[in-house]
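Peer 1: generate coordinates for the sequence data below:
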Amino acid sequence: MKIVDVLLGRTKPIQANLDNLFGLSGAFITLEASSGLVPSGEAGVCYKPMAGQPFVKTTEEIEGLLTVGGDPATVRQEYAPFGDDWIVLSG
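Peer 2: Okay, the predicted model is just below:
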C-alpha cells in the first residue's frame, strides 16, 4: 500500500480465501465418518445489525432472496443476547 493511500484512508480489499470454503465438504465427510455427526438440516448466518434505513432494506431483500427458488426453505430470524442477529434456514 502506498503512503498516499494510507494518508487518505484508502484500503485494499482482502482477497477471498476460497480454499477454506471448498474444504467444508471434506470436513463434513470426515466429521460424519469419524465422530458420527449427522447434519441437522439447518444453516445459519450471524451478522451484527446496523442502524439506518438502508440496512433494514438490505435485510428485507436478503430474506426475500432466501425464500425464492424451487423448494421453499423455512427462514427465521433469531436475536442473540449480545446484539448479534441470526438468519437461520431449515428445509
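Peer 1: just the strands from the protein, written as ranges.
Peer 2: Here the chain has its strands, by DSSP state E, at 42-47, 74-79, 85-90.
Peer 1: comparing these, which comes out most buried?
Peer 2: Most buried of the strands of the chain by mean neighbour count (mean count of other CB atoms under 10 Å) is strand 85-90; its value is a mean of 14. Quick note: C-beta positions are derived from backbone N, CA and C, even for glycine.
Peer 1: name the helices or strands packed onto the top helix by length along the chain?
Peer 2: With DSSP state H setting the assignment, residue counts place helix 53-66 as the longest helix in the chain. On a contact count with 3 or more CB pairs under 8 Å, 6 or more residues apart in numbering; DSSP states H and E, helix 53-66 meets strand 74-79, strand 85-90.
Peer 1: and the first one, how far from the chain's centre?
Peer 2: To tie it back to what came earlier, the one meant is strand 74-79. Strand 74-79 has its C-alpha centroid displaced from the chain centroid by 13 Å (CA atoms, centre = their mean, to the nearest Å).
Peer 1: before we move on, what about the last one?
Peer 2: Centre-to-centre, strand 85-90 and its host chain are 9 Å apart (CA atoms, centre = their mean).
Peer 1: what strands line up against that strand, and which way round?
Peer 2: Next to strand 85-90 in the sheet, as set by DSSP bridges, lie strand 42-47 (antiparallel), strand 74-79 (antiparallel).
Peer 1: just put those in CSV and tack on distance to residue 53 and mean pLDDT.
Peer 2: Listed next are those as CSV, based on distance: least, CB to CB, whole Å; pLDDT from 0 to 100:
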stretch, distance to residue 53, mean pLDDT
strand 42-47, 17, 84
strand 74-79, 18, 82
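Peer 1: for residue 27, which of these is the nearest?
Peer 2: Of all the strands paired with strand 85-90, strand 42-47 sits nearest to residue 27, with 14.5 Å by CB to CB.
Peer 1: quick one: contacts of that closest one?
Peer 2: The contact list for strand 42-47 (CB atoms under 8 Å, 6 or more residues apart in numbering) reads 78, 80, 84, 85, 86, 87, 88, 89, 90.
Peer 1: residue contacts, the residue nearest to the fifth one when sequence neighbours are not counted?
Peer 2: Put plainly, it is residue 86. With sequence-adjacent residues excluded and distances taken as CB to CB, 6 or more residues apart in numbering, residue 86 is closest to residue 78, at 4.3 Å. By CB under 8 Å, 6+ apart, the residues touching residue 78 are 44, 85, 86, 88.
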